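Student: Give the three-dimensional model of this entry:
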Amino acid sequence: MEVKYINPFINVSINLVQQICNVGAKRGQIFVKSSPFTADNVVIIIGIAGDFRGQVFFTMDEKTACQIASAMMFGMEVQALDEMSKSAIAELGNMIMGNVSTEFYNEGIKIDITPPTILVGSNMNISTKGIQTICVPIEIENGGRIEVDVAVAN
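Tutor: Below is the predicted model:
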């Protein structure tokens, strides 16, 4: 996967997490995941079509998801994921991907995204059907972590 396809995901994810959650965030060590891979308890899936195709998975543990949902809901306490907090988390993925789409458009690359799907559970395995998956960990100041798993083919 070319660097030009991964950088917008890194930059936008860090910037939006910092803005929305009002916490520091930084990129962890990028690595390649083998398919299938095990995901944390909360997964946001957004499909990509256009000049390249694939999927992006935003994975995090439930505690991190609750903290992000709380920040997105103006500090309302979130102790467990209900439909409202799941919607907030899904919207974070949608906001990131909307901004990523704009970044690509500005570079002359046209993509469309699907609405986000959110999965909550345990022991989830994700298969990307032979497409290489690049994992960009976003380390959040409060100890949380979001893995941005980018599986695209051009």
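
Student: Run through the chain and note the low-pLDDT ranges.
Tutor: 1-3, 154 (pLDDT under 70).

Student: And the strands in it?
Tutor: Counting by DSSP state E, the chain has strands at residues 25-27, 31-33, 37-39, 42-50, 53-60, 111-113, 117-120, 124-126, 133-140, 145-153.

Student: Please point out which parts of the lengthiest helix in the chain sit buried.
Tutor: Longest helix in the chain, counting residues (DSSP state H): helix 83-106. Using 16 or more other C-beta atoms under 10 Å as the test for burial, helix 83-106 gives 85-86, 88-97, 99-101, 104. Quick note: C-beta positions are derived from backbone N, CA and C, even for glycine.

Student: And stretch 33-48, by the same measure?
Tutor: 33, 37, 39-48.

Student: go on, stretch 63-70?
Tutor: For stretch 63-70, by 16+ other C-beta under 10 Å, it's 64-70.

Student: And stretch 119-132, end to end?
Tutor: 21 Å (C-alpha to C-alpha, to the nearest Å).

Student: Which residue, other than its chain neighbours, is closest to the spatially most central residue of the chain?
Tutor: Computing the C-alpha centroid of the chain and ranking residues by C-alpha atoms, centre = their mean puts F58 first, at 2.8 Å. Nearest non-adjacent residue to F58, counting by C-beta to C-beta, 6 or more residues apart in numbering: I44, 4.2 Å away.
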